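[1] Only the shape, not the letters, is given here:
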């Protein structure tokens with residue numbers, strides 16, 4: 001397993017030179033990044049055959065009433081969004097704050113986040129999910145934490161690490177488990193949390209997700225909120241022609257309930273409503289249905 005970057009290590013000459021170039025590139029007009037992202041997305045759609053198949057399988061399971069052509073169009077658009085969000089990291093991580101202020105639109109009462117006490121933000125896996133946490137950690141006077149999976153390529157790891165923590169987010173390596181996350185909330189921190197993935201049968205229940213009635217869904221969102229008395233709300237980031245819109249929802253009423261299955265259903269229900277607004281922006285290339293009940297085969301080829 002890859003190790004997180006050591007932020008205390010001095011940058012090499014090559015790294016400093018590369019970042020100086022990226023700081024210049026970051027000032028280019030947004031349309032340049034979006035065109036480059038469109039080209040990258042088209043290439044990924046044509047070349048990433050396995051990921052394209054996974055995305056098409058996911059959409060077929062979730063939306064069996066959609067035509068095959070509609071699902072294909074959504075997947076093709078998804079790869080374009082993926083390519084554009086990858087290129088956008090250059091200006092998100094290197095451009096002056098004034099430029100980010102022009103391109104990032106926040107909706108919702110963010111002053112609520114400055115109130116003391118623990119808080120959990122459900123941040124679903126839309127392709128721009130990093131943007132919301134990055135910018136909110138700049139706009140609020142709180143300690144923010146997020147689960148961090150290091151890059152396999154060490155040449156990229158330090159760049160990703162420094163970019164994601166640009167405004168002070170505290171990374172918690174996922175390999176350390178839930179204990180440091182629990183401590184961060186107990187200390188009154190804000191958790192940027194994305195549990196909408198298939199992480200196996202452990203600590204999961206099988207509940208509906210769109211048309212797929214038996215979707216392995218982890219119960220950690222409700223359990224963390226219950227154990228720390230932390231209110232839960234959503235943080236949804238969507239790509240737009242002007243940059244990104246970051247929406248902070250109202251706190252979820254009567255959540256958690258203490259019933260793992262009911263809480264998982266509620267999380268998926270809210271997630272579905274956000275996905276339907278921009279289905280092409282959700283992370284469909286993840287094997288969301290790889291964990292099945294006993295005796296049910298995985299829908300994905302090995």
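    Cool, got the structure. All values reported here derive from a predicted model rather than from experimental measurement.

[2] Point out the other helices and strands that the longest helix seen in the chain packs with.
    When every helix of the chain is counted residue by residue (DSSP state H), the longest turns out to be helix 68-94. Contacts defined by 3 or more C-beta pairs under 8 Å, 6 or more residues apart in numbering; DSSP states H and E place helix 68-94 against helix 13-25, helix 30-47, helix 49-62, helix 97-103, helix 129-139, helix 154-164, strand 232-240. (C-beta placed from N, C-alpha, C; glycine too.)

[3] Comparing those by mean pLDDT, which bottoms out?
    Mean pLDDT across those is lowest at helix 154-164; the value there is a mean of 89.

[4] For it, buried residues please.
    Within helix 154-164, the residues scored as buried using 16 or more other C-beta atoms under 10 Å are 157-164.

[5] where along the stretch 101-250 of the chain do the strands fall?
    104-107, 119-122, 144-148, 170-173, 190-193, 204-209, 212-218, 232-240, 243-248 (DSSP state E, counting those that start in this stretch).

[6] closest to residue 35 out of those strands?
    strand 232-240 (14.2 Å; C-beta to C-beta).

[7] and the angle from that closest one to helix 30-47?
    For strand 232-240 against helix 30-47, the angle between stretch directions is 100 degrees (axes from the mean of the first three to the mean of the last three C-alpha atoms, to 10 degrees).

[8] quick one: strand 232-240 to chain centroid distance?
    The chain centroid and the centroid of strand 232-240 are separated by 9 Å, computed with C-alpha atoms, centre = their mean, to the nearest Å.

[9] Now do it against helix 129-139, angle only.
    Between the axes of strand 232-240 and helix 129-139, defined by the same axes, to 10 degrees, the angle is 110 degrees.

[10] Quick one: list the elements packing against strand 232-240.
    Here strand 232-240 is seen to pack against helix 68-94, strand 119-122, helix 129-139, strand 243-248, helix 260-277 when contacts are counted using 3+ C-beta pairs under 8 Å, 6+ apart.

[11] Can you say which of those is nearest to residue 222?
    For the helices and strands packed on strand 232-240, distance to residue 222 was read as C-beta to C-beta. The smallest value, 3.2 Å, belongs to helix 260-277.

[12] Could you give the average pLDDT over that closest one?
    Here the mean pLDDT over helix 260-277 is 97, rounded to a whole number.

[13] ok, and for it, which residues are buried?
    Of the residues in helix 260-277, those buried under the neighbour-count criterion (16+ other C-beta under 10 Å) are 260, 262-268, 270-271, 274-275.

[14] Around residue 24, count how many other residues there are.
    By other C-beta atoms under 10 Å, 10 other residues sit near residue 24.

[15] Bridging across strands, which residues link to the closest residue to residue 165 other than its chain neighbours?
    Nearest non-adjacent residue to residue 165, counting by C-beta to C-beta, 6 or more residues apart in numbering: residue 171, 6.2 Å away. In this structure, residue 171 has beta-bridge partners residue 146, where bridges are defined by DSSP bridges.

[16] Quick check: residue 171 vs residue 158, distance?
    When distances are taken as C-beta to C-beta, to the nearest Å, residue 171 and residue 158 turn out to be 12 Å apart.

[17] what does residue 108 give?
    Computed with C-beta to C-beta, the distance linking residue 108 and residue 158 is 33 Å.

[18] For the residue nearest to residue 286 when sequence neighbours are not counted, the count of nearby residues, please.
    With sequence-adjacent residues excluded and distances taken as C-beta to C-beta, 6+ apart, residue 286 is closest to residue 197, at 5.9 Å. By the criterion of other C-beta under 10 Å, residue 197 has 15 neighbours.

[19] Quick check: residue 197 vs residue 269, distance?
    Taking C-beta to C-beta, one finds residue 197 at 17 Å from residue 269.

[20] Same question for residue 7.
    Here the criterion is C-beta to C-beta. By it, residue 7 lies 39 Å from residue 269.

[21] got it, and residue 85?
    Counting by C-beta to C-beta, the separation of residue 85 from residue 269 is 26 Å.

[22] can you check residue 236 too?
    For residue 236, the distance to residue 269 under the criterion C-beta to C-beta works out to 14 Å.

[23] same check, this time on residue 62
    Here the criterion is C-beta to C-beta. By it, residue 62 lies 14 Å from residue 269.
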